[in-house]
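Trainee: need coordinates for the below:
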Amino acid sequence: MNGRERFEAFFRGEGYMDRLPVYEWAPWWGDTVAAWEKEGLPPRIDLTEYWKMDRDWHPWMPVRGMDCPNEKTFGGGIIETEEDYENIKKYLYTDDALAWVERGVKEYVQDKSDLPLWITLEGFFWFPRMLLGIENHLYAFYDDPDLILKINRDLCEYHKKCLEIVYSYATPIFMTFCEDMSYNNGPMLSREMYNRFMLPFYNELIPILKSHGTKVMIDTDGDVEPLIPWFLDAGIEGVLPLERMAGVDANRVHEMYPDFYMIGGFDKTVLHRGEEAIRAEFERLLPAIKSGRYLPSMDHQTPPDASLENYACYRRLLEEYAVKYGARE
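Mentor: Next comes the predicted model:
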């Protein structure tokens, strides 16, 4: 089977599969790669090829044009008021950005169609935060709610244009809304705020995605478990990355929501401890792996304290468990 066929079988939940996809959903940290090169990894190598991972084709649907200003400080934002937003809109939702969407999908159709197609849309928590900055964004839910709603309305209409282009060429197997709306202690907003500022726009986009057979997932770090009922109400079908340091347990999620898809969940902090600890982590995740709804993968990007030898051990055991518990006739 090729990578696309494995992902199709996984998300279909039936039919022959030689193994679960052996997959790393996030790229490796630059510091990690630099450490590995000091240990003997050939420089400037294609790591997905080197580790013989299943590859995907993952275009991110850009919202900002190439000339859009950047924030001056990390998390500082680029607007403060509705007037600022109107002034900067000439850099957002542009024809050039839509042309970039089209190029990415056309390249997939022409050269990459043996790979699973995964698209990402900037979400209705994520994108206003990118514009307003972290602190101003959270205040704006109370101080300037009409601005949040205006931004998300514009974003939703733009995403509809993106999806029209994507589906005119190909059908993504799955997609993610990039949100990062939770942290170590839970959600960054209340259910009331979610229902007002995010859910209406999910309710417009998710039926479009599902009508084409695309599985709808969400990317949010931290403790995602309290949010899952909110997501289910919107029709969201899965989540990544299931950060273990925030207490997320893929087994518990599966017990509570048996049809929910999950990617990630492997505790990256055990990698430096060697094979016994790495195998123990796979054994901890075994109920979720057996469920057919979970792809074991790092719960975020691989840290630099994971040696080349220990990551090679992880890669070997990942395939062992993918074959032993993922293959089906």
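
Trainee: now do the helices in the stretch 1-150 of the chain.
Mentor: Taking DSSP state H, counting those that start in this stretch to define them, one finds helices in the stretch 1-150 of the chain at 3-12, 30-38, 47-50, 82-88, 95-111, 126-132, 134-143, 145-169.

Trainee: let me know which of those helices is tucked in deepest.
Mentor: Among these, helix 126-132 has the highest mean neighbour count (mean count of other CB atoms under 10 Å), at a mean of 23. In short, each C-beta sits where N, CA and C put it, glycine included.

Trainee: could I get the average pLDDT for it?
Mentor: Averaged across helix 126-132, pLDDT comes to 97.

Trainee: grab the nearest non-local neighbour of residue 17.
Mentor: residue 9 (4.2 Å; CB to CB, 6 or more residues apart in numbering).

Trainee: residue 60: which of the helices of the stretch 1-150 of the chain is closest?
Mentor: helix 95-111 (8.3 Å; CB to CB).

Trainee: what angle do helix 145-169 and that closest one make with each other?
Mentor: Per axes from the mean of the first three to the mean of the last three CA atoms, to 10 degrees, the angle that helix 95-111 makes with helix 145-169 is 30 degrees.

Trainee: could you give the mean pLDDT of helix 95-111?
Mentor: The average pLDDT within helix 95-111 is 94.

Trainee: quick one on the thing from earlier: give the contact list for the residue nearest to residue 17.
Mentor: Residues counted as contacts of residue 9 (CB atoms under 8 Å, 6 or more residues apart in numbering) are 1, 15, 16, 17.

Trainee: quick one: buried ones out of those residues?
Mentor: Listed as buried from these are residue 17; burial here means 16 or more other CB atoms under 10 Å.

Trainee: make TSV out of the helices of the stretch 1-150 of the chain and add distance to residue 252.
Mentor: As requested, those are exported to TSV (distance: least, CB to CB, whole Å):
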stretch	distance to residue 252
helix 3-12	21
helix 30-38	29
helix 47-50	30
helix 82-88	41
helix 95-111	36
helix 126-132	26
helix 134-143	28
helix 145-169	31
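
Trainee: residue 231: which of those is closest?
Mentor: Using CB to CB, these put helix 126-132 closest to residue 231, at 14.5 Å.

Trainee: on that earlier part again, what pLDDT does the model give the residue nearest to residue 17?
Mentor: Confidence score, pLDDT, at residue 9: 97.

Trainee: could you measure from it over to residue 328?
Mentor: According to CB to CB, to the nearest Å, residue 9 and residue 328 sit 8 Å apart.

Trainee: any shared contact partners between those two?
Mentor: With CB under 8 Å, 6+ apart, residue 9 and residue 328 have common neighbours 15, 16, 17.

Trainee: which of the contacts of residue 9 sit farthest apart?
Mentor: 1 and 15 (10.3 Å).

Trainee: how about residue 80, phi and psi?
Mentor: phi -130, psi -30 (degrees, to the nearest 10).

Trainee: tell me how many other residues surround it.
Mentor: Using other CB atoms under 10 Å, residue 80 has 15 other residues around it.
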